[in-house]
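Trainee: Only the shape, not the letters, is given here:
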């Protein structure tokens, strides 16, 4: 029996869609499982069936993924395609994302040019640190610029503590906490409030995760509050986060009986 006959006109199988869009059946099955791209129909035999509208939705997902968005971010950014206005909204969203990506690439280009000029002009250069920056640029790590602010000891710690995947996961979770802090600040939630205390505990847990309990690293991290980098929205955001969290952390330390910064000279937790 010809399986094509069981597929209604205007529909395509998961294999056909995967072939047309240069992806795999396994990927489409995963998108279905995660609620990113649900098949429009199903054949009598239980096969997933997709339409051309689904194809456009898949293109939206692929475009956002190629721009570096996580699947979680993509799920929040997906726009329904029910009207021409919806399609225009999708195109506008992708256009804006591309503009932002171009800006990141321009920043990366500027950083590389700056490193090149410094290597030419100086007799001694920190090739190890430059190599770290280049590797992070190639990974599309938008936080590559942080590397130049770390000393060798901290960089060695980061290299041993994190790989590409765990490092990016850490930054994503750290940024999620920062977003929560900003919301509390904007809502004028007091430092002693249970919400603020819960975030202080969560924030401190991430500090301990980053340092692996090495309290001697705290002084290095505190110095980041004094950094100045023109037009660096992330850095300015972190200064706002730290300013709001400081009294909440102090209260958290008091309640927990901790003296974090008095313990900097102690040995790292094993």
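Mentor: Structure received. Note that the structure is a prediction, hence the values are computed from the model and not measured.

Trainee: The helix or strand containing residue 95 - contacts with which helices or strands?
Mentor: Using DSSP states H and E, residue 95 falls within helix 84-121. Using 3 or more C-beta pairs under 8 Å, 6 or more residues apart in numbering; DSSP states H and E, the elements in contact with helix 84-121 are helix 52-66, helix 127-138. For the C-beta atoms, the positions are set from N, CA and C on the backbone; glycine is no exception.

Trainee: With mean neighbour count as added columns, please give these in JSON lines.
Mentor: Formatted as JSON lines, these follow (neighbours: other C-beta atoms under 10 Å):
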{"stretch": "helix 52-66", "mean neighbour count": "17"}
{"stretch": "helix 127-138", "mean neighbour count": "15"}
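
Trainee: Any chance of JSON lines for those helices, columns distance to residue 150 and mean pLDDT?
Mentor: Listed next are the helices and strands packed on helix 84-121 as JSON lines, based on distance: least, C-beta to C-beta, whole Å; pLDDT from 0 to 100:
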{"stretch": "helix 52-66", "distance to residue 150": "30", "mean pLDDT": "86"}
{"stretch": "helix 127-138", "distance to residue 150": "8", "mean pLDDT": "68"}
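
Trainee: any chance of those in CSV, plus distance to residue 208?
Mentor: Below are these laid out as CSV (distance: least, C-beta to C-beta, whole Å):
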stretch, distance to residue 208
helix 52-66, 33
helix 127-138, 24
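
Trainee: Tell me who's in contact with the residue nearest to residue 193 when sequence neighbours are not counted.
Mentor: Distance criterion C-beta to C-beta, 6 or more residues apart in numbering; nearest residue to residue 193, sequence neighbours excluded, is residue 184 at 7.8 Å. By C-beta atoms under 8 Å, 6 or more residues apart in numbering, the contact list for residue 184 reads 193, 195, 196, 199, 244.

Trainee: Please check those residues and keep the buried ones.
Mentor: 196, 199, 244 (16 or more other C-beta atoms under 10 Å).

Trainee: Of those, which is the nearest to residue 22?
Mentor: Residue 22 has its nearest neighbour among the buried ones among the contacts of residue 184 in residue 199, at 42.4 Å by C-beta to C-beta.

Trainee: Checking my notes, that closest one in a strand, right?
Mentor: No - according to DSSP: H, G, I helix; E, B strand; the rest coil, residue 199 belongs to no strand; its state is helix.

Trainee: From residue 232, how far off is it?
Mentor: Using C-beta to C-beta, to the nearest Å, residue 199 is found at 23 Å from residue 232.

Trainee: can you check residue 240 too?
Mentor: Distance of residue 240 to residue 232, computed by C-beta to C-beta: 13 Å.

Trainee: try residue 157
Mentor: Using C-beta to C-beta, residue 157 is found at 23 Å from residue 232.

Trainee: neighbour count winner among those two?
Mentor: residue 157 (19 against 13; other C-beta atoms under 10 Å).
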